[in-house]
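Q: predicted structure and sequence below. I'll ask about it afterward.
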Amino acid sequence: MSEYTKRFAQDGFVLLRDWFDAAAFAAMREATDRYIREVIPRLPGTEVFYEDKNDRTTAKQCPRMEEHDPTMEALRRDPRLHALACELLADDVRLGSVQWFNKPARIGGPTAPHQDGFYFMLEPNEALTVWIPLVQVDAANSYVRYVPGSHRRGMRPHGASGVLGFSQAITDFGEAERAAEVGVACGPGDLLVHHSMTIHRAEPNRSERDRPALGITYYAARSQMDHAQRKAYLAGLERDLADQGKI
């Protein structure tokens with residue numbers, strides 16, 4: 001077992017420095033910038049979220065990028081990422097989606113404490129998210145904060161958060177957990193991976209720097225998704241967001 005696999009099993013997250021070489025990172029950043037420039041303008045409101053839906057410069061999240069761009073489809077099929085996911089989950093994996101997450105400078109909102117697995121609806125809940133920073137990320141522009149070991153303590157109760165893109169939040173997240181949090185500073189070329197059951201959150205971005213990142217999900221082959229339940233949840237969420245005027 002590798003050292004990073006041991007850390008992932010223990011803490012529920014792991015940072016891999018310099019995973020991408022300069023050329024690979026530059027190509028990925030260029031592809032992402034092109035997606036933002038050329039693809040986002042033609043997407044419907046359900047495929048791109050904004051801090052302010054009336055201001056197209058405030059884009060904050062794009063789900064399912066692989067459905068709209070072959071480069072993003074190729075990224076989620078990257079052999080090294082696939083092998084890493086298999087190693088960390090000790091199983092073969094099924095491909096999830098590619099997402100772009102941003103916290104725009106000065107106005108980026110918070111990410112409520114949550115577990116990704118609440119959205120995934122898997123049994124057992126064995127999956128991970130590969131989080132790829134596209135710029136230097138630190139406390140000032142809102143790095144991800146994890147509660148170490150929380151992936152081994154079961155699913156927590158979640159309720160509506162009111163945050164577009166992160167609709168559910170842990171309802172009993174407490175001060176002891178805030179005190180235990182570990183914020184992870186990382187930058188171009190690095191790779192941050194967390195388990196689907198690991199509690200994490202992020203503060204608002206009040207700095208002068210954007211905080212863009214890519215996220216890719218992988219599901220362990222031994223996990224089964226309740227597709228009907230997930231489809232119903234997503235449909236209900238879309239209705240709620242439309243009713244609230246957020247999309």
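A: Alright, I've got the coordinates.

Q: where does this structure dip in pLDDT?
A: The model of the chain has pLDDT under 70 over residues 164-165, 227-247.

Q: center of it, which residue is that?
A: Gly215 (4.6 Å; C-alpha atoms, centre = their mean).

Q: just the element for that residue, please.
A: Gly215 is part of strand 213-220, with elements assigned from DSSP states H and E.

Q: restrict that strand to CA atoms and write it as CSV.
A: Extracted C-alpha coordinates of strand 213-220, given in CSV (Å, rounded to 0.1, in the frame of the first residue of the first chain):
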residue,chain,number,x,y,z
ALA,A,213,-11.0,24.2,-9.9
LEU,A,214,-12.1,21.0,-11.7
GLY,A,215,-13.7,18.1,-10.0
ILE,A,216,-14.0,14.5,-11.3
THR,A,217,-16.0,11.8,-9.6
TYR,A,218,-15.4,8.1,-9.6
TYR,A,219,-17.7,5.4,-8.1
ALA,A,220,-16.4,2.1,-6.8
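
Q: what lines up beside that strand in the sheet?
A: Paired with strand 213-220 in the same sheet, following DSSP bridges, are strand 93-101 (antiparallel), strand 127-133 (antiparallel).

Q: may I have the beta-bridge partners of His158?
A: Ile170.

Q: gap between it and Ala169?
A: Distance, His158 to Ala169, using C-beta to C-beta, to the nearest Å: 6 Å. No exception for glycine: its C-beta is placed from N, CA and C like everyone else's.

Q: mutual contacts of the two, please.
A: Contact criterion C-beta atoms under 8 Å, 6 or more residues apart in numbering; residues bridging His158 and Ala169 by contacting each: His114.

Q: surely Ser150 and Thr198 touch.
A: Yes. Between Ser150 and Thr198 a contact is recorded at 5.6 Å, counting by C-beta atoms under 8 Å.

Q: now do the shared contacts for the two.
A: Common contacts of Ser150 and Thr198, defined by C-beta under 8 Å, 6+ apart, comprise Gly12, Gln115.

Q: on that earlier part again, which among the strands paired with strand 213-220 is found nearest to Gln10?
A: Gln10 sits nearest to strand 127-133 of all the strands paired with strand 213-220, at 14.5 Å, using C-beta to C-beta.

Q: beyond that closest one, next helix or strand please.
A: Using DSSP H and E, the helix or strand that follows strand 127-133 in sequence is strand 144-146.
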